[in-house]
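Undergrad: need a 3D model of the sequence below.
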Amino acid sequence: MDTVTARMSAHHKSCDDLFGEAEEAAARADWERAAPRMRAFVAEMERHFAMEENILFPELEAAMGGPQGPTRVMRTEHARMRGLLEILAQAVAVKDTQACLGAAETLLILMQQHNLKEEQILYPMSDQALGPKAEALLRALPAADAGR
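TA: Take a look at the predicted model:
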């Protein structure tokens, strides 16, 4: 059975895989590989944020009576990650290994903490709170690998 938890957790994995490929290439200063992989990673992260902020969060907030707690925290963390994504993109563009790896390390820690909160709390809460509406929401969410 497809659930918000399964679908969005699978997309986390897809983003993590792209991040690993980009970071590995940057660590070797293989900019010909790092640049397109970083662009793909940034695009998938933005797609992930959009799925949450434009589809999932509004439905969850409607079911819970407003934009309190969990979704507010997730939006704040998205903003922090967007800043790091920008730094990463700039570092790759100028081929700065140190800056790239520094931002990547910070982003990795933030993503791990963020994804854990979503996968252990927010997504299961969504599956439960949305009930029958979850099926329609899942139709609006693309598959995890749709952007690759």
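
Undergrad: tell me where the protein has helices.
TA: Ranges of helices in the chain, per DSSP state H, are 4-27, 31-51, 57-64, 69-93, 97-117, 123-130, 133-140.

Undergrad: CSV please, covering those and showing mean pLDDT and mean neighbour count.
TA: In short, each C-beta sits where N, CA and C put it, glycine included. Formatted as CSV, these follow (pLDDT from 0 to 100; neighbours: other C-beta atoms under 10 Å):
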stretch, mean pLDDT, mean neighbour count
helix 4-27, 95, 19
helix 31-51, 96, 18
helix 57-64, 90, 17
helix 69-93, 95, 17
helix 97-117, 97, 16
helix 123-130, 93, 19
helix 133-140, 83, 14
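
Undergrad: which ones are touching Leu137?
TA: 4, 55-56, 59, 130 (C-beta atoms under 8 Å, 6 or more residues apart in numbering).

Undergrad: farthest pair in those?
TA: Ile55 and Leu130 (11.2 Å; C-beta to C-beta).

Undergrad: Thr3 - nearest residue in space that isn't next to it in sequence?
TA: Asp127 (4.9 Å; C-beta to C-beta, 6 or more residues apart in numbering).

Undergrad: who are the neighbours in contact with the nearest residue to Glu52 once chain neighbours are set aside?
TA: Take Glu52 and drop its neighbours on the chain: the residue closest to it by C-beta to C-beta, 6+ apart is Met74, 6.7 Å away. By C-beta under 8 Å, 6+ apart, the contact set of Met74 is 52, 57, 114, 117-118, 122.

Undergrad: looking at the residues you listed, which one is closest to Ser9?
TA: Glu118 (8.0 Å).

Undergrad: mind listing what that closest one touches?
TA: Here Glu118 is in contact with 8-9, 12, 74 (criterion: C-beta under 8 Å, 6+ apart).

Undergrad: try Gln128
TA: Under the criterion of C-beta under 8 Å, 6+ apart, the contact list for Gln128 is empty.

Undergrad: returning to that earlier point: need the contacts of Leu137 in CSV with distance to Arg39, can you?
TA: Output for those, formatted as CSV (distance: C-beta to C-beta, whole Å):
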residue, distance to Arg39
Val4, 27
Ile55, 23
Leu56, 25
Glu59, 30
Leu130, 33
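
Undergrad: quick check: of those, which lies closest to Ala103?
TA: Leu56 (26.5 Å).
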